[in-house]
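[1] no FASTA, just this:
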């Protein structure tokens with residue numbers, strides 16, 4: 001089109017010379033055409049026209065915008081050949097559909113990358129050396145699938161990088177949190193970082209979809225738990241189901257005359273039987289130092305005063321239950337121990 005305009009301009013110049021400027025209206029027409037045609041001269045050095053939209057950047061949609069979309073599907077589509085163009089697939093409500101390897105959809109749920117290392121630095125879980133060809137993961141809160149591994153990085157005890165392992169470079173299998181990596185030759189002191197995809201923390205495990213409540217800011221999603229305990233000269237327990245919460249504040253108020261010792265235990269087993277008295281059962285881990293700041297804390301009060309203590313879990317934890325143990329050596333004058341728990345993400 002530029003060539004046509006240039007030709008018209010050449011004719012105009014010729015006519016102008018012949019008629020001594022009496023045809024200036026032609027120049028006005030040519031100017032109007034060039035301004036409205038939106039042709040950018042030599043934009044690709046090829047004298048081609050550039051097509052652009054009518055809505056400026058950051059402006060709201062007006063007129064009739066062209067929307068993008070895809071095909072709605074309730075099952076996994078057939079595979080295409082390598083390098084073929086593929087369609088975008090959505091569910092029947094317009095949500096981008098993600099299929100697992102068996103063809104099932106995640107139903108609107110999402111994934112996030114979990115990072116497990118030797119010290120559980122991010123609270124996602126822990127991974128440690130087992131054998132030269134094995135590492136073991138623990139304290140994770142999602143279902144592990146070796147096919148969802150992104151990579152495994154191996155370092156020596158001094159922190160020097162040794163290798164990166166991926167599902168394309170090594171055969172990786174898993175059973176009970178133990179990963180067997182064919183061809184790996186690790187040392188007992190090696191350190192590992194495991195990058196793996198798991199269900200997003202805001203996904204409701206029962207609905208397999210995003211839980212709107214969980215998308216509120218951490219401090220806005222809370223749950224209170226309070227219970228009155230009448231202490232006796234014995235060991236008693238107060239269970240705190242964490243329900244995927246990662247932080248908590250624990251307040252304990254004591255009235256009457258009481259002398260008791262407080263300890264804290266944790267377990268990552270949702271089906272465990274919660275003890276109410278007696279010795280701590282097998283399987284529970286003593287986390288008193290981590291939660292209470294000491295191996296044990298004295299809880300004491302003399303009537304008519306009231307004593308309160310507060311503990312705050314500021315490092316994210318991934319456990320099913322916390323268990324407060326009250327080992328009372330003396331109690332009289334209508335004693336009462338009241339734990340108050342505020343759980344939040």
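    The structure has been received and is ready for your questions. On a predicted model such as this, the values are computed, not experimentally measured, just so you know.
[2] Between the two ends of stretch 162-170, how far is it?
    End-to-end distance of stretch 162-170: 15 Å, with Cα to Cα, to the nearest Å as the criterion.
[3] so what are the domain limits for this structure?
    1-51, 66-79+87-98, 111-199, 219-344 (automatic domain parsing).
[4] Which of those sits closest to residue 59?
    Residue 59 sits nearest to domain 66-79+87-98 of all those, at 15.1 Å, using Cβ to Cβ. C-beta: built from backbone N, CA, C; applies to glycine.
[5] rewinding a little: need the domains of the chain in JSON lines with distance to residue 59, mean pLDDT and mean neighbour count, can you?
    Converted to JSON lines, these look like this (distance: least, Cβ to Cβ, whole Å; pLDDT from 0 to 100; neighbours: other Cβ atoms under 10 Å):
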{"stretch": "domain 1-51", "distance to residue 59": "16", "mean pLDDT": "57", "mean neighbour count": "11"}
{"stretch": "domain 66-79+87-98", "distance to residue 59": "15", "mean pLDDT": "73", "mean neighbour count": "11"}
{"stretch": "domain 111-199", "distance to residue 59": "34", "mean pLDDT": "90", "mean neighbour count": "16"}
{"stretch": "domain 219-344", "distance to residue 59": "34", "mean pLDDT": "87", "mean neighbour count": "16"}
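[6] how about residue 251, secondary structure?
    strand (DSSP: H, G, I helix; E, B strand; the rest coil).
[7] So in terms of bridging, what pairs with it?
    Residue 251 has these beta-bridge partners by DSSP bridges: residue 310, residue 340.
[8] so who does it touch?
    Residue 251 makes contact with 308, 309, 310, 311, 339, 340, 341, 342, according to Cβ atoms under 8 Å, 6 or more residues apart in numbering.
[9] again, 10 Å this time
    226, 308, 309, 310, 311, 312, 338, 339, 340, 341, 342 (Cβ atoms under 10 Å, 6 or more residues apart in numbering).
[10] with the residues you listed in mind, which one is nearest to residue 234?
    The nearest one, if we look at those relative to residue 234 and count by Cβ to Cβ, is residue 339, at 16.8 Å.
[11] quick one: terminal-to-terminal distance for stretch 130-139?
    16 Å.
[12] contact partners of it?
    Taking Cβ under 10 Å, 6+ apart as the rule, stretch 130-139 contacts 114, 116, 118, 120, 123-129, 144, 152, 154, 165, 170, 172-174, 176-188, 190, 192, 194, 196, 268, 317-319.
[13] quick one on the thing from earlier: with respect to residue 256, which of the contacts of residue 251 is nearest?
    For the contacts of residue 251, the nearest to residue 256 is residue 338 (11.1 Å; Cβ to Cβ).
[14] Hmm, the closest one is touching residue 256, no?
    No - counting by Cβ atoms under 10 Å, residue 338 stays clear of residue 256, with 11.1 Å between them.
[15] Between those two, which contacts overlap?
    With Cβ under 10 Å, 6+ apart as the test, residue 338 and residue 256 both reach residue 306.
[16] Using TSV, lay out the domains of the chain together with distance to residue 60.
    TSV is the format used below for the domains of the chain (distance: least, Cβ to Cβ, whole Å):
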stretch	distance to residue 60
domain 1-51	21
domain 66-79+87-98	14
domain 111-199	32
domain 219-344	30
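[17] before we move on, the earlier item: which of the contacts of stretch 130-139 fall within strands?
    114, 116, 126-129, 152, 154, 165, 172-174, 178-181, 192, 194, 196 (DSSP state E).
[18] Would you confirm that residue 335 contacts residue 253?
    No - judged on Cβ under 10 Å, residue 335 makes no contact with residue 253 at a distance of 11.6 Å.
[19] Mutual contacts of those two, please.
    residue 301.
[20] so what's the residue nearest to residue 235 when sequence neighbours are not counted up against?
    Among residues not flanking residue 235 along the chain, residue 327 sits closest, at 5.0 Å (Cβ to Cβ, 6 or more residues apart in numbering). Contacts here follow Cβ under 10 Å, 6+ apart; on that basis residue 327 touches 231, 233, 234, 235, 236, 259, 260, 261, 262, 263, 296, 299.
[21] Next step: those restricted to strands.
    Reading strands off the contacts of residue 327 with DSSP E, I get 235, 236, 259, 260, 261, 262, 263, 299.
[22] so what's the second one bridging to?
    In this structure, residue 236 has beta-bridge partners residue 277, residue 326, where bridges are defined by DSSP bridges.
[23] who touches it in this structure?
    So residue 236 contacts 229-230, 260, 275-278, 324-328, 337 (Cβ under 10 Å, 6+ apart).
[24] Over to the last one?
    With contacts taken as Cβ under 10 Å, 6+ apart, residue 299 has the following neighbours: 231, 252-254, 258-262, 307, 309, 324, 326-328, 337.
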